[in-house]
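Peer 1: Predicted model and sequence follow; I will ask about them next.
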Amino acid sequence: MSTSAELKQNDNLFIHPWDDMVKIGGHQRTLLNKGEGVYVTDSEGNRLLDAPAGMWCVNIGHGRKEMAQAIYDQIMELPYVSPWSMTTGPAAEFAAMIAEQSPGDLNHVFFTTGGSTAVDSALRFVQFYNNMRGKRSKKHIISQKRGYHGSTYLGGSISGKERDKSNLDFETRLVHHIEAPHPLYKPADQSDAEFLDACVANLENMIAEVGSENCAVFVAEPILASGGVIVPPEGYHQRCLEVCRKHDMLYLSDEVVTAFGRLGHCFASQDVFGITPDIITTAKGLTSGYIPMGAFLVSDRLVQEIKANGGDSAVFSNGFTYSGHPVAAAAGIKNLEIMQREKLFEQARETGPYLQQQMQALRDIPIVSDVRGQGLMACVQCELKQGDDDLAMDYEIGNLIDKHCQSLGLIVRPIINMCVMSPPLTITKEQIDEMVSILRQGILLAMEEVSKLEADYQADGHHHPSPAA
């Protein structure tokens, strides 16, 4: 059996997502080999609280034996069926379970392999829908800066994180980005109502620029997750939906992160934000990360319009070898059963506000510039100098917080200078206290270390250490 050191070296043959290709060969990533509840254990035997729940996804926690049993049972019963001409019990049953939980008339489910393919397929469906209506010019997509919608060509194109755009090519003819509704950047002389109006006007202005006859869909996360847990002003999604209705545009709510309990409900669009979109995309919590799977849900109204315009046939030529995979569907069924039996949505509605309250206590740390979130999603943003747009130092402080937190027993997800957390729905208030306590220590240690480095560099005639320091 390979040793931990050998596995870490062999890991350099695995090109990871967002890998720095220049550094391949020198990576020494933490090797995790066990998980139980909200904790994971690394190859050195260190127990770590998994604050990001993997990647926003291990909603029911690690090590669920009944999930393993459901997956095993389905593999032994029937591991795979072609979704083109046949179906399976798990796929049909899981589709019905999702439809029962979905808002409004979003009762049709298209299964994919993950969140990226769910978004990509949903956008292709939008194009298909307008083609079937004879509105072939309505192909343009409006999304938000700071938004994230996946790694497929189209999903990556509509994502709005600028630093993800380096050295790759994207669709630019049909994709348009508007400013994210980020309350942190609300002008000081602007009221909340005026800020909301301005955010909605960004959408209206872009539609006017592109042409209402060309605009097909607005894509928005209920809360911009990877962009830094950006919670829009109250009423933003409702107002944007009204704009879409006025211009015969579809509204696509990207709930890859927020669905399946992250905000205390199976879906957040209606129960939290008061809208019934035309399409919802989901993944991550769909199976709690135990097996890869994604899906998009589509309104009955859209399906009926396509049927009415389809004549004898209207083939949506899009899909995957693993669409509706029976093992993934079996995992999804068991995942939702656990969530409902253990009342995890209700638990999240209780622990979510507690998490937000405890996180706000970190504002007394001098380098903490913002604390924000909702439900079981939170972000702590740190800046060494308030308002100083120094990217090198932002990376530095984020990496140092990550390093110190991990040494103290906590995994955080550093996004530049933002610590993002989205723990399993099973987390208790005591575990939240543990998480926040370690995060506080990690930030203080990072602040102390950077201050020392800054002093050393200033003594040498430099302004600040580089990220490689």
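Peer 2: Done, it's in.
Peer 1: Every contact and neighbour count from this point should use C-alpha atoms.
Peer 2: Fine.
Peer 1: Point to the residue nearest the middle of this structure.
Peer 2: By C-alpha atoms, centre = their mean, the chain has its centre lying nearest to Val257, at 3.9 Å.
Peer 1: On the secondary structure side, give me the element for it.
Peer 2: Under the criterion of DSSP states H and E, Val257 resides outside all helices and strands.
Peer 1: does Thr321 sit in a helix, a strand or a coil?
Peer 2: Following DSSP: H, G, I helix; E, B strand; the rest coil, Thr321 is assigned to coil.
Peer 1: what residues are up against the residue nearest to the centre of the chain?
Peer 2: By C-alpha atoms under 8 Å, 6 or more residues apart in numbering, Val257 lies in contact with Trp56, Cys57, Ala225, Thr282, Ala283, Lys284, Gly285.
Peer 1: next one: Arg239
Peer 2: Val200.
Peer 1: Alpha carbons of stretch 93-111, as PDB, please.
Peer 2: Only the C-alpha atoms of stretch 93-111 are listed here, as PDB (Å, rounded to 0.1, in the frame of the first residue of the first chain):
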ATOM      1  CA  GLU A  93     -39.200   7.700  -8.500                       C
ATOM      2  CA  PHE A  94     -36.600  10.400  -7.900                       C
ATOM      3  CA  ALA A  95     -38.100  12.600 -10.600                       C
ATOM      4  CA  ALA A  96     -41.500  12.400  -8.900                       C
ATOM      5  CA  MET A  97     -40.000  13.200  -5.500                       C
ATOM      6  CA  ILE A  98     -38.200  16.300  -6.800                       C
ATOM      7  CA  ALA A  99     -41.400  17.400  -8.600                       C
ATOM      8  CA  GLU A 100     -43.300  17.100  -5.400                       C
ATOM      9  CA  GLN A 101     -40.800  19.400  -3.600                       C
ATOM     10  CA  SER A 102     -40.400  21.900  -6.400                       C
ATOM     11  CA  PRO A 103     -42.200  25.300  -6.400                       C
ATOM     12  CA  GLY A 104     -45.100  26.100  -8.700                       C
ATOM     13  CA  ASP A 105     -45.500  24.100 -11.800                       C
ATOM     14  CA  LEU A 106     -41.800  23.100 -12.200                       C
ATOM     15  CA  ASN A 107     -42.700  19.400 -12.500                       C
ATOM     16  CA  HIS A 108     -40.500  18.100 -15.300                       C
ATOM     17  CA  VAL A 109     -37.000  17.000 -14.400                       C
ATOM     18  CA  PHE A 110     -34.000  16.600 -16.700                       C
ATOM     19  CA  PHE A 111     -31.200  14.700 -15.100                       C
END
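Peer 1: Name the residues of that stretch that are buried.
Peer 2: Within stretch 93-111, the residues that qualify as buried are 94-95, 97-99, 102-103, 105-111, counting by 16 or more other C-alpha atoms under 10 Å.
Peer 1: Among those residues, which ones are in strands?
Peer 2: Taking DSSP state E, the ones among the buried residues of stretch 93-111 that sit in strands are His108, Val109, Phe110, Phe111.
Peer 1: With distance to Asp192 as extra columns, can I get those in JSON lines?
Peer 2: Shown next, in JSON lines, are those (distance: C-alpha to C-alpha, whole Å):
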{"residue": "His108", "distance to Asp192": "37"}
{"residue": "Val109", "distance to Asp192": "37"}
{"residue": "Phe110", "distance to Asp192": "38"}
{"residue": "Phe111", "distance to Asp192": "39"}
